[in-house]
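Engineer: Predicted model, plus sequence, below.
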Amino acid sequence: MSEKQSLADIVDLDRHPLGDPDYVQRCADQLNAAGVLVLDGFMDHDAISAIRDEAIAKQDQAYFCAQTHSVYLTPEDPTFDADHAANRQVMSSKGCICDDVIDTHSPLRGLYDDTGFRSFVGEVVGQDALHPYADPLSSINIHYAKHGQELGWHFDNSSFAITLLIQKPPAGSDFEYLRDLRDADAGEMNYAGVSALLDGETQPQVLSMEPGALVLFRGRNSIHRVTPNQSDVTRMLAVLAYNSEPGVELSVNARMAFYGG
Ligand SMILES: O=C(O)CCC(=O)C(=O)O
Ligand SMILES: [Fe+2]
């Protein structure tokens, strides 16, 4: 990409009129009712293929790691046994490139920086202002999951996440979730509900999405995972992260420890 693009070059605004108050209200209603909003065909066709080209070209700069963690993304709690829901370990294995690697003129950055897009997201999630992260890594990330790689069950720390699916494998990499399984702000961790899920006694829902879709997901209380990729086509996904306060920096450790924000 050599020139800066306008929002109309990046988003299919006929299908997704981000400035239309009725459309914005429908999106907000949908997110509130379902805890998730999938906007199919959000990206313009040329923009998504430019983003795919960029993601493929930069794949060898990705930081790949595999690690175990609890679903709460908290360190081991010695007051509970190892097999207690607070301590049970799941596996995450994935790769990531950070904001500093994304092109200045990438359509991803055009979207991220666009004030119309930002106010659309703010109105849909009910947050007055959305600010970019002040550190050079956190705002735009691209995640990669190769054959066998997965994201284990977890609750996010942040109240909502914005993702854009770039490339979808033909088998595996299903986004699964169980809505409102805990109430973090009330301190209700629902260990029994988490155990039932990890033991396979509860069946999660599956969220289907196609490349070019924008997904807004409230993952703070809705546990979710991405199942192992069962193909040789790498799953590629962009994550756009904003903060409610200006000037917030995440440490490299915080980002690298787990990209769930
Ligand atoms: O890969 C996805 O679709 C979801 C990513 C996610 O849950 C996270 O980054 O916290
Ligand atoms: Fe997450």
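Structural biologist: That came in fine, so what should we check first? Ligands and ions are numbered 1, 2, ... in the order given.
Engineer: residues from this structure in reach of ligand 1?
Structural biologist: With CB under 6 Å from any ligand atom as the criterion, the chain meets ligand 1 at residues 143, 151, 156, 161, 163, 175, 219, 224, 226, 237, 239, 259-260. Backbone N, C-alpha and C define where each C-beta goes, glycine included.
Engineer: try 8 Å
Structural biologist: 143, 145, 151, 154, 156, 161, 163, 165, 175, 209, 215, 217, 219, 224-226, 235, 237, 239, 258-261 (CB under 8 Å from any ligand atom).
Engineer: give the contact list for residue 178.
Structural biologist: 193, 197, 202, 204, 205, 222, 223, 224 (CB atoms under 8 Å, 6 or more residues apart in numbering).
Engineer: Apply 7 Å and report the result again.
Structural biologist: Residue 178 sits next to 197, 202, 204, 205, 222, 223 when contact means CB atoms under 7 Å, 6 or more residues apart in numbering.
Engineer: again, but for residue 194
Structural biologist: Applying CB under 7 Å, 6+ apart, the residues contacting residue 194 are 71, 85, 181, 223.
Engineer: on that earlier part again, need the contacts of residue 178 in a markdown table (columns: secondary structure and pLDDT).
Structural biologist: As requested, the contacts of residue 178 are exported to a markdown table (DSSP: H, G, I helix; E, B strand; the rest coil; pLDDT from 0 to 100):
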| residue | secondary structure | pLDDT |
| --- | --- | --- |
| 197 | helix | 98 |
| 202 | coil | 97 |
| 204 | coil | 98 |
| 205 | strand | 97 |
| 222 | coil | 98 |
| 223 | strand | 98 |
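Engineer: host element of the residue of the chain positioned farthest from its centre?
Structural biologist: Distance from the C-alpha centroid of the chain, by CA atoms, centre = their mean, peaks at residue 79 (31.6 Å). Residue 79 is part of no helix or strand when elements are defined by DSSP states H and E.
Engineer: what does residue 50 give?
Structural biologist: Residue 50 belongs to helix 45-57, assigned by DSSP H and E.
Engineer: need the next SSE after that helix, C-terminal direction.
Structural biologist: With DSSP H and E, the next secondary element past helix 45-57 is strand 63-69.
Engineer: what ranges do the strands span in the chain?
Structural biologist: Remark: strands assigned in the chain by DSSP state E are 36-39, 63-69, 90-97, 140-145, 151-154, 161-167, 175-178, 205-207, 214-217, 223-226, 235-240.
Engineer: so how many other residues sit close to the residue of the stretch 1-150 of the chain found nearest ligand 2?
Structural biologist: Nearest residue of the stretch 1-150 of the chain to ligand 2, counting by CB to the ion: residue 73, 9.2 Å away. A count of nearby residues for residue 73, using other CB atoms under 10 Å, gives 16.
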